[in-house]
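1. with the sequence up front, the predicted model follows.
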Amino acid sequence: MDKSILHCDLNSFFANVELLDFPQYKDMPVAVAGDASLRHGIILAKNEIAKKFNVRTAETIYSAKQKCPKLVILEAHHSKYSYYSKKVNEIYLRFTNRVEPFGIDESWLDVTNSKNLFGSAFEIAEKIRQTIKDELNLTVSIGVSFNKVFAKLGSDYKKPDAVTVISREKFKDILFKMPVNEMLFVGKSLKESFRYMGISTIGDLAEYDSKKLARKFGLKILDLQECARGNSDDEVAFYGEESEIKSIGNSITFKKDLTQIDEINLGLLELAEMVASRMKKENVKARTIQLTLKTNLFKSYTRQTSLSHFTNLKKDLHETAIQLFENHFSDKYVVRLLGISASNLSFEDSTQMTLFDENIKDEKQEKAEKAIDVVRQKFGKSIIQSASKLDNNLF
């Protein structure tokens with residue numbers, strides 16, 4: 001028997017939450033943005049009216065205002081979004097305990113075992129949609145299907161404030177003509193690779209020769225093809241069930257553009273310290289380190305490398321990030337943002353170093369870094385700082 005899966009996606013969530021406090025703007029184009037004075041003056045979210053003016057997430061306030069001079073800019077309040085996200089999930093939990101958040105404004109629900117109590121999956125979706133509107137004055141689009149992938153496609157199919165059913169009998173009629181990049185996990189790079197192979201729609205992907213696809217991308221791509229064919233059967237997690245940590249990372253948007261290698265080195269040192277501290281707190285080490293760079297023109301680049309051993313040391317993260325920068329980025333880049341993330345994780349007890357002497361040295365370094373973390377947690381981060389970080393205006 002097929003499952004009954006919902007994907008609930010709150011419409012223009014940040015913007016609509018802010019409009020609860022500014023109802024006078026509800027019929028105007030509205031965007032939520034960071035503080036321009038702190039160099040975070042980019043669009044974080046927009047309402048449906050602003051979308052009609054082609055206002056886009058991540059563009060500058062200046063650019064958005066050029067398209068839409070009457071655009072109302074509201075300040076972001078992340079604590080409010082967390083509050084309403086929790087309230088919405090509490091509504092979902094009235095109908096099922098299988099509620100799996102996918103970001104702050106989206107959740108999957110498995111209502112297979114709830115139908116005897118609340119009606120069909122479509123009826124449950126309608127009840128949820130109306131309850132959120134009545135109790136929170138927010139709107140939600142809901143996809144109803146027999147797996148998670150198609151339920152998400154359903155919530156994207158019709159917005160705002162709508163319920164779309166994608167049944168096993170009708171899914172080809174609805175989905176096979178949609179662009180392939182509408183599918184979860186198909187980003188710009190993969191979309192472009194697919195285009196060269198003549199794959200432009202979900203139907204193209206579903207019907208493409210599997211052997212040719214695997215030769216080009218590897219066997220893992222066949223999982224994505226099976227999703228396009230409707231054969232995904234991933235479970236919806238129980239609410240609050242902790243998922244396995246896949247990566248740990250941080251990024252910084254600097255107060256000024258970085259053009260000098262010593263400034264970039266300082267920024268990467270700060271990031272390495274942040275990521276290493278989080279890794280120790282989670283009791284994990286990593287072998288793969290990724291560097292992210294965003295230029296003053298808002299172009300983003302990522303490069304990564306795998307180490308010969310697992311680590312959670314600031315020294316290793318910093319040195320690897322610097323090496324990635326020097327190997328892949330020249331001084332022509334004017335840097336607005338840097339990020340470091342660690343993946344290919346393992347719990348500390350399961351990792352071993354190849355050289356005994358090196359292991360002892362790293363253990364001493366790790367103990368020193370942990371001791372610094374303990375002091376900072378007790379007395380504040382500023383109590384211990386690297387000398388190189390003093391008197392700078394980057395952070």
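-> Received it, and whenever you're ready, just let me know what you need.
2. now Val88, what's its secondary structure?
-> The three-state assignment at Val88 reads helix, by DSSP: H, G, I helix; E, B strand; the rest coil.
3. OK, contacts around it?
-> Applying C-beta atoms under 8 Å, 6 or more residues apart in numbering, we find Val88 in contact with 8, 10, 107, 132, 136, 138, 140. Heads up, the C-betas are built off the backbone N, CA and C, glycines and all.
4. could I get those residues as a markdown table with neighbour count, distance to Asn89 and pLDDT?
-> Formatted as a markdown table, the contacts of Val88 follow (neighbours: other C-beta atoms under 10 Å; distance: C-beta to C-beta, whole Å; pLDDT from 0 to 100):
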| residue | neighbour count | distance to Asn89 | pLDDT |
| --- | --- | --- | --- |
| Cys8 | 28 | 9 | 98 |
| Leu10 | 25 | 11 | 98 |
| Ser107 | 23 | 6 | 96 |
| Ile132 | 23 | 11 | 98 |
| Leu136 | 17 | 12 | 98 |
| Leu138 | 21 | 13 | 98 |
| Val140 | 29 | 12 | 98 |
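5. farthest-separated two in the residues you listed?
-> Greatest spacing in the contacts of Val88, by C-beta to C-beta: Ser107 and Leu136 (14.2 Å).
6. re earlier: just the contacts of Val88: which are in strands?
-> Among those, the members found in strands (DSSP state E) are 8, 10, 107, 140.
7. the second one - nearest residue in space that isn't next to it in sequence?
-> Closest residue to Leu10 apart from its sequence neighbours, by C-beta to C-beta, 6 or more residues apart in numbering: Asp105 at 4.2 Å.
8. I figured that neighbour hits Ser85, correct?
-> Yes - using C-beta atoms under 8 Å, Asp105 is in contact with Ser85, at 6.6 Å.
9. need the residues touching each of these two.
-> Joint contacts of Asp105 and Ser85 (C-beta under 8 Å, 6+ apart) are Phe13.
10. neighbour count winner among these two?
-> Asp105 (22 against 19; other C-beta atoms under 10 Å).
11. so for that one, what's the pLDDT?
-> With respect to pLDDT, Asp105 scores 95.
12. repeat that for Leu109.
-> We have a pLDDT of 98 for Leu109.
13. could you check how far Asp2 is from Asp173?
-> Asp2 is 17 Å from Asp173, where distance means C-beta to C-beta, to the nearest Å.
14. before we move on, what about Ser308?
-> 52 Å.
15. which secondary structure state is assigned to the residue lying closest to Arg56 once chain neighbours are set aside?
-> Take Arg56 and drop its neighbours on the chain: the residue closest to it by C-beta to C-beta, 6+ apart is Ile43, 6.7 Å away. Under the three-state scheme (three-state DSSP), Ile43 adopts strand.
16. just Met274 next, same as before
-> Assignment for Met274 (three-state DSSP): helix.
17. quick one: contacts for it?
-> Neighbouring residues of Met274 by C-beta under 8 Å, 6+ apart: Asn250.
18. so Ser232 sits right up against Ala151, yeah?
-> No - counting by C-beta under 8 Å, Ser232 does not reach Ala151; the two are 10.1 Å apart.
19. between the two, which one's more packed in?
-> Neighbours per residue (other C-beta under 10 Å) separate Ser232 from Ala151, with Ala151 holding more: 29 against 18.
20. and the spatially closest residue to His7 that is not a sequence neighbour, how far from Ser141?
-> Leaving out its chain neighbours, the residue that sits closest to His7 by C-beta to C-beta, 6+ apart is Ala151, at 3.8 Å. To Ser141, Ala151 is 11 Å away according to C-beta to C-beta.
21. go on, Leu258?
-> Leu258 is 40 Å from Ser141, where distance means C-beta to C-beta.
22. same check on Gln260?
-> 47 Å.
23. higher neighbour count, the two?
-> Between Gln260 and Ser141, Ser141 has the larger neighbour count (other C-beta under 10 Å), namely 23 against 10.
24. how close does that one get to Val99?
-> 17 Å.
25. and for Met274?
-> 31 Å.
26. now swap in Phe238 and tell me
-> 8 Å.
27. equivalent analysis for Ala237, please.
-> Ala237 is 8 Å from Val99, by C-beta to C-beta.
28. please identify which of those two sits among more neighbours.
-> Val99 (25 against 15).
29. tell me the bridge partners for the more buried one.
-> Leu109 (DSSP bridges).
30. dump the residue contacts of it.
-> Residues counted as contacts of Val99 (C-beta under 8 Å, 6+ apart) are 89, 92-93, 107-109, 236, 238-239.
31. out of the residues you listed, which are buried?
-> 89, 92, 107-109, 236, 239 (16 or more other C-beta atoms under 10 Å).
32. now do the strands in the stretch 201-350 of the chain.
-> 247-258, 284-295, 300-311, 335-347 (DSSP state E, counting those that start in this stretch).
33. how about TSV for the ones you listed, with distance to Glu18 and mean neighbour count added?
-> Output for those, formatted as TSV (distance: least, C-beta to C-beta, whole Å; neighbours: other C-beta atoms under 10 Å):
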stretch	distance to Glu18	mean neighbour count
strand 247-258	21	16
strand 284-295	25	21
strand 300-311	26	15
strand 335-347	24	20
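34. got JSON lines for those, with distance to Ile322 too?
-> Below are those laid out as JSON lines (distance: least, C-beta to C-beta, whole Å):
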{"stretch": "strand 247-258", "distance to Ile322": "13"}
{"stretch": "strand 284-295", "distance to Ile322": "9"}
{"stretch": "strand 300-311", "distance to Ile322": "12"}
{"stretch": "strand 335-347", "distance to Ile322": "10"}
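35. in TSV: those strands, plus distance to Met197 and mean pLDDT.
-> Putting the strands of the stretch 201-350 of the chain into TSV (distance: least, C-beta to C-beta, whole Å; pLDDT from 0 to 100) gives the following:
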stretch	distance to Met197	mean pLDDT
strand 247-258	29	90
strand 284-295	27	92
strand 300-311	24	89
strand 335-347	28	90
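36. all set now, cheers.
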